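**Q** Predicted model and sequence follow; I will ask about them next.
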Amino acid sequence: MPQIDDKLAPIYEEVVRRNAGEPEFHQAVREVLESLGRVVAKRPDYLEDALIERICEPERQIIFRVPWTDDKGRVQINRGFRVQFNSAMGPYKGGLRFHPSVNVGIIKFLGFEQIFKNALTGLPIGGGKGGSDFDPKGRSDGEIMRFCQSFMTELYRHLGEYTDVPAGDIGVGAREIGYLFGQYKRLTNRYEAGVLTGKGLFYGGSLARTEATGYGNTYFTRAMLQTGGTDFDGKRVVVSGSGNVAIYTIEKVESYGGKVVACSDSSGYIVDENGIDLDLLKEIKEVRRGRIGEYARLKGEGAYFVKSGEGSIWDVACDVAMPSATQNELTGKDAKKLVANGVIAVGEGANMPSTPEAIRTFQQAGVKFGPGKAANAGGVATSALEMQQNASRDRWTFEQTEARLATIMRDIHDSCYETAEEFGAPGDYVIGANIAGFIRVAEPMRAFGVI
Ligand code: NDP
Ligand code: 2IT
């Protein structure tokens, strides 16, 4: 296991002590601190004024009650969160996750990752994350709307285009952003388009934001493949999940000639040896909000469904793996299987989908590994482009926006690659991303003094 530098180990121990029972947050902090040993060896001044300790402590954490009435007239209670982690680079920026597994530790890990990811985009956005343990599955539109209205009725006072700008994440897409924006507008009596991103195209949303995370991960992974003189063309690809990130990853990979043979949801995974039929997948997931097993039933020949618990999607042999569902979905055992089956590159669409053991397995086997905070930054980068369009009361074309996204992803790839080299870890995108992101945040923090 990579070690934390002696000078940084007490910082990690203190994070664990002060944030008991939050293993995902510990995991995210540990990975960054493991990389930073190389920075403080060269630049011990970064140890001054508790700069690194301050990065590990959120600027503000908001936890609130969200009461709402279900369709049977019963009152339900959920818990809402917003962790405003770091505003050195700009207003807090990061998504909202609605999923029953959400707790403060998960939101903190996501907010912490977001600081470095947002810095890597080179755009002026700080790091934050929020959400609720609300489970949207099986809820009617009316229930979703009442929940979103209640959630925003508390959260609105903490938001603003110069303060904190949420967007979507698991369980939060265009429908939820619409209800949240409507309630913000009503409560504040302000048409403040830049307060949320991922908005509908009719009211200030950006073209290409829906596609951005999946497309962005595909650009990043392609750039990694190109450093080895290869590309997606003719490759077998497995993409886990079948939500926003997964769908647009599949779309872009297929446009480059890759064949995506499997995807999943929490009920299991499907394999289609002919390559996933994207129109059918979109119809099931985006229109009907159905389960992934329906794909195999409707597609018929060449496609089959494996129920959750009866196998892992990572058993499916592939050249490129793009985990795009949730944290720690790809374990050390899965990684060994992928390596045995000949995987050459892994691009993380989800946040922290690979366990530390899995990352180690890939890197030791020489597999090109793109960590989420670099590889999936295209979503938040395009959110920042949406904010730019809102601030200038302008609207860009799809082509213009996608071209900016492509350049940003290439720049993130190159800066991770070059930083890894500069710090003596050639080809290690984890170290490159953590160090490049850290330096960009540490410099303004230092300039601001002890705040
Ligand atoms: P969606 O809600 O659109 O889709 C999530 C997908 O992942 C669904 O297929 C879902 O299955 C599956 N999934 C979620 N939780 C679990 C779980 N605990 N076990 C198994 N499967 C699960 O979310 P997104 O596509 O937006 O997000 C996917 C990942 O990408 C997340 O890690 C998110 O943080 C990250 N991300 C998202 C960005 C964005 O712009 N949306 C940007 C950067 C990262 P089911 O429907 O059965 O729950
Ligand atoms: O994890 C992420 O980067 C997101 N869910 C997108 C955040 C955003 O503000 O667009």
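**A** Arrived safely. Ligands and ions are numbered 1, 2, ... in the order given.
**Q** hey, let's count contacts and neighbours off CA atoms from now on
**A** Fine.
**Q** Give me the neighbour count for Gly342.
**A** Burial of Gly342, expressed as a neighbour count using other CA atoms under 10 Å, amounts to 15.
**Q** For it, list the residues it contacts.
**A** The neighbours of Gly342, taking CA atoms under 8 Å, 6 or more residues apart in numbering as the test, are Ala317, Cys318, Asp319.
**Q** Distance of it relative to ligand 2?
**A** Between Gly342 and ligand 2 the distance is 29 Å, computed by CA to the nearest ligand atom, to the nearest Å.
**Q** That residue should be in a strand, yeah?
**A** No: when the secondary structure is assigned by DSSP: H, G, I helix; E, B strand; the rest coil, Gly342 falls in coil instead of a strand.
**Q** The residue of the stretch 51-200 of the chain found nearest ligand 1 and ligand 2, how far apart?
**A** Proximity to ligand 1, evaluated over the stretch 51-200 of the chain using CA to the nearest ligand atom, is greatest for Ile170 at 3.4 Å. According to CA to the nearest ligand atom, Ile170 and ligand 2 sit 7 Å apart.
**Q** before we move on, the earlier item: quick one: which of the contacts of Gly342 is nearest to Glu48?
**A** Looking at the contacts of Gly342 and their distance to Glu48, the nearest is Asp319, at 44.5 Å (CA to CA).
**Q** List phi and psi for Val346.
**A** Main-chain torsions, Val346, degrees, to the nearest 10: phi -130, psi 120.
**Q** ok so, going back, quick one: mark the members of the contacts of Gly342 that sit in strands.
**A** Using DSSP state E, no member of those sits in strands.
**Q** List, out of those residues, those positioned next to ligand 2.
**A** Checked against ligand 2 using CA under 6 Å from any ligand atom, these yield no neighbours at all.
**Q** Run through the strands of the protein in chain order.
**A** Using DSSP E, the strands of the chain run over residues 60-69, 75-86, 92-98, 127-132, 164-167, 236-239, 259-265, 268-272, 303-307, 320-322, 345-347, 368-370.
**Q** residues making contact with the longest one?
**A** For strand 75-86, the surrounding residues in contact (CA under 8 Å, 6+ apart) are 55, 57-70, 92, 104, 107-108, 111-112, 115, 126-134, 151, 155, 164.
**Q** Name every strand pairing with it and say which way it goes.
**A** strand 60-69 (antiparallel), strand 127-132 (antiparallel) (DSSP bridges).
**Q** so where's this protein uncertain?
**A** Where the chain drops to pLDDT under 70, the residues are 1.
**Q** Around ligand 2, which positions in it sit nearby?
**A** Residues of the chain lying near ligand 2 (CA under 6 Å from any ligand atom): Lys93, Gly94, Gly95, Pro166, Ala167, Gly168, Asp169, Ala377, Gly379, Val380, Ser383.
**Q** Surely the second one is in contact with Val165?
**A** Yes: between Gly94 and Val165 there is a contact under CA atoms under 8 Å: 7.0 Å.
**Q** winner for burial among the strands paired with strand 75-86?
**A** strand 127-132 (a mean of 30; mean count of other CA atoms under 10 Å).
**Q** ok, back up a step: now the strands of the chain as a markdown table including distance to ligand 1?
**A** Shown next, in a markdown table, are the strands of the chain (distance: least, CA to the nearest ligand atom, whole Å):
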| stretch | distance to ligand 1 |
| --- | --- |
| strand 60-69 | 19 |
| strand 75-86 | 15 |
| strand 92-98 | 7 |
| strand 127-132 | 10 |
| strand 164-167 | 8 |
| strand 236-239 | 10 |
| strand 259-265 | 4 |
| strand 268-272 | 8 |
| strand 303-307 | 12 |
| strand 320-322 | 11 |
| strand 345-347 | 12 |
| strand 368-370 | 13 |
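**Q** Burial-wise, tell me which of those strands comes out on top.
**A** Relative to the other members of these, strand 127-132 carries the highest mean neighbour count by mean count of other CA under 10 Å, namely a mean of 30.
**Q** now the angle between strand 92-98 and that one, please.
**A** Orientation check (axes from the mean of the first three to the mean of the last three CA atoms, to 10 degrees): strand 127-132 against strand 92-98 gives 20 degrees.
**Q** Close to ligand 1: what parts of the chain are there?
**A** In this structure, the chain approaches ligand 1 at residues 168-171, 213, 241-246, 265-267, 324-327, 349-351, 376, 379, judged by CA under 6 Å from any ligand atom.
**Q** Which among the residues you listed count as buried?
**A** Buried by 16 or more other CA atoms under 10 Å: 168-171, 213, 241-246, 265, 324-327, 349-351, 376, 379, out of those.
**Q** Please name the residues that touch the residue of the stretch 1-150 of the chain found nearest ligand 2.
**A** When scored by CA to the nearest ligand atom, the stretch 1-150 of the chain has Gly94 as its residue closest to ligand 2, at 3.6 Å. For Gly94, the contact set (CA under 8 Å, 6+ apart) comprises Gly111, Gln114, Gly127, Gly128, Lys129, Gly130, Val165, Pro166, Ala167, Gly168, Val380.
**Q** Looks like Ala174 contacts Gly198 (just checking).
**A** Yes: counting by CA under 8 Å, a contact exists between Ala174 and Gly198, whose distance comes to 6.3 Å.
**Q** who has more neighbours, those two?
**A** Gly198 (30 against 17).
**Q** show me what contacts the more buried one?
**A** By CA under 8 Å, 6+ apart, the contact list for Gly198 reads Ala167, Gly168, Gly173, Ala174, Ile177, Gly205, Ser206, Arg209, Thr210, Ser383, Glu386.
**Q** Out of the residues you listed, give me the one that has the most neighbours.
**A** The contacts of Gly198, ranked by neighbours (other CA under 10 Å): first place Ser383, 31 neighbours.
**Q** That one touches Arg209, doesn't it?
**A** Yes: because the distance of 6.6 Å satisfies CA under 8 Å, Ser383 is recorded as touching Arg209.
**Q** still on that earlier bit, so of the buried ones among the residues of the chain next to ligand 1, which ones are in helices?
**A** Members of those lying in helices (criterion: DSSP state H): Thr213, Asn244, Val245, Ala246, Gly379.
**Q** Please tell me I have it right and the second one contacts Thr210.
**A** Think Asn244. Yes: using CA under 8 Å as the test, Asn244 is close enough to Thr210 to be in contact (7.2 Å).
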